[in-house]
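Peer 1: Sequence isn't available, so here's the structure alone:
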């Protein structure tokens, strides 16, 4: 039987380099107070022995845990997963967060939190006490949940809020805010349809608990107003689900003067809009143009492929992680607000109106 190879530990590296454990830990954590020749000697031992740093070894140098906690909406995420209708929003968030954490020797821990849960403080507080994360990433709608912000503050956990630009209520110190330009993206989509000649452009909004849903409506309304076009009777609300998108699309298409184009606030509702249009005997894009938010892989394979707002979800999460880690290491306050632009990917679901 082959003998099992013993794992190389920080003690092996320290012995090989003839330095203290603390010096090895400082080199692992890329801390500044190590002489260049000492850093080279330790790194040579690490490379020679094939040592892979563990979180336990990293913690030896101080109070950091080298963990970043990402909080996502439990109810909606589990519902999408169970129905096998989940988008790649979570995938892209994890991609950006995990890769950026790895660049700095950190690990990303993913937790689902139900904001409607009566035991929110007990459950989240227990997770924070057990993990002692160096920071937390909050996604909508958690990024605007004042109770979650208060819990993080009581546990002295700095946080970055994705998709939150509003003012604090005074009880929590402001955290890092990293947002995609939802209002600007809605303006971009609306201008695209206006340039094609559309004048009655409907909009299917997301749920009110997501503040980004309101910003997207604001962008659409602003462009319609700038073009001296009415918005009355052209707005319906969904909840990001396929069923809600179908209901909203039918309501818009059943109007006495229906829209010639519809912008849906996510891909699920856009797909439902296409289905509702076809049930009404309409052709996409000859009779109705459709624009979506998200640009998940699925929309490239619809018939026709969907014109969609592309959200830099991975880059947004990576930016949030990077700002938290930099603030932890440098002791400096990061920029309070970072806004990342979105882009519009034009495909076959939009065209000039028939009339």
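Peer 2: It's in. These figures come from a predicted structure and were not determined experimentally.

Peer 1: And the nearest residue to residue 280 once chain neighbours are set aside, how far from residue 151?
Peer 2: With CB to CB, 6 or more residues apart in numbering as the criterion, residue 280 has its nearest non-adjacent residue at 5.4 Å, and that residue is residue 253. For glycine as for every other residue, the C-beta is placed from the backbone atoms N, C-alpha and C. When CB to CB, to the nearest Å is the yardstick, residue 253 and residue 151 sit 44 Å from each other.

Peer 1: Compare the two and say which is more crowded by neighbours.
Peer 2: More neighbours sit around residue 151 than around the other of residue 253 and residue 151, counting by other CB atoms under 10 Å; the figures are 22 against 19.

Peer 1: What residues sit buried inside whichever strand or helix holds the more buried one?
Peer 2: Assessed by DSSP states H and E, residue 151 sits inside helix 146-154. By neighbour count on 16 or more other CB atoms under 10 Å, the buried set for helix 146-154 is 148-149, 151-152.

Peer 1: Kindly report the same for stretch 284-294.
Peer 2: In stretch 284-294, residues buried by neighbour count (16+ other CB under 10 Å) are 284-285, 287-294.

Peer 1: Please flag which of those sit within strands.
Peer 2: Using DSSP state E, 289-294 are the members of those that sit in strands.

Peer 1: So which of the buried residues of stretch 284-294 is the closest to residue 113?
Peer 2: Top of the list for closeness to residue 113, among those and by CB to CB, is residue 294 at 22.1 Å.

Peer 1: of all the buried residues of helix 146-154, which two lie farthest apart?
Peer 2: The distance between the two most remote of the buried residues of helix 146-154 (CB to CB) is 7.4 Å, for 149 and 151.

Peer 1: about what we covered before: ok, the residue nearest to residue 280 - contacts?
Peer 2: Each residue near residue 253 by CB atoms under 8 Å, 6 or more residues apart in numbering is listed here: 259, 276-277, 280, 282, 288.

Peer 1: how about a cut-off of 7 Å?
Peer 2: Contact analysis of residue 253 by CB atoms under 7 Å, 6 or more residues apart in numbering lists 276-277, 280.

Peer 1: Mind putting those residues into a markdown table with neighbour count?
Peer 2: Shown next, in a markdown table, are the contacts of residue 253 (neighbours: other CB atoms under 10 Å):
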| residue | neighbour count |
| --- | --- |
| 276 | 22 |
| 277 | 23 |
| 280 | 14 |
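
Peer 1: Show only the entries of those residues found in helices.
Peer 2: Among these, the residues falling in helices (DSSP state H) are 276-277.

Peer 1: Would you convert the contacts of residue 253 into CSV that also reports pLDDT?
Peer 2: Shown next, in CSV, are these (pLDDT from 0 to 100):
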residue, pLDDT
276, 96
277, 96
280, 95
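
Peer 1: Tally up the residues packed near residue 37, please.
Peer 2: By other CB under 10 Å, the residues close to residue 37 number 8.

Peer 1: Isn't residue 162 up against residue 142?
Peer 2: No. The pair residue 162 and residue 142 fails to qualify as a contact (CB atoms under 7 Å) at a distance of 9.0 Å.

Peer 1: ok, the one helix or strand residue 308 maps to: who's next to it in the sheet?
Peer 2: Element membership of residue 308, judged by DSSP H and E, is strand 307-310. In the sheet containing strand 307-310, the strands it pairs with under DSSP bridges are strand 289-294 (parallel), strand 343-345 (antiparallel).

Peer 1: Which elements pack onto the helix or strand just after that strand?
Peer 2: Tracing the chain C-terminally past strand 307-310 and defining elements by DSSP H and E, one meets helix 313-330 next. When contacts are defined as 3 or more CB pairs under 7 Å, 6 or more residues apart in numbering; DSSP states H and E, helix 313-330 packs onto helix 89-103, strand 135-138, strand 159-162, strand 176-180, strand 337-340.

Peer 1: Report all helices and strands that the first one contacts.
Peer 2: So the one you mean is helix 89-103. strand 67-73, strand 107-113, helix 313-330.

Peer 1: what mean pLDDT does the next helix-or-strand element following the first one have?
Peer 2: Scanning the chain past strand 67-73 towards its C-terminal end, the next helix or strand to appear is helix 74-83 (assignment: DSSP H and E). Along helix 74-83, the predicted local confidence has a mean pLDDT of 79.

Peer 1: Show the pLDDT at the nearest residue to residue 11 once chain neighbours are set aside.
Peer 2: Take residue 11 and drop its neighbours on the chain: the residue closest to it by CB to CB, 6+ apart is residue 21, 6.8 Å away. Reading off the per-residue confidence, residue 21 sits at a pLDDT of 85.

Peer 1: Please apply the same query to the one 3 residues further on.
Peer 2: Among the per-residue scores, residue 24 holds a pLDDT of 85.

Peer 1: any idea how far it is from residue 341?
Peer 2: Computed with CB to CB, the distance linking residue 24 and residue 341 is 43 Å.

Peer 1: Residue 29 now?
Peer 2: Taking CB to CB as the measure, residue 29 falls 34 Å from residue 341.
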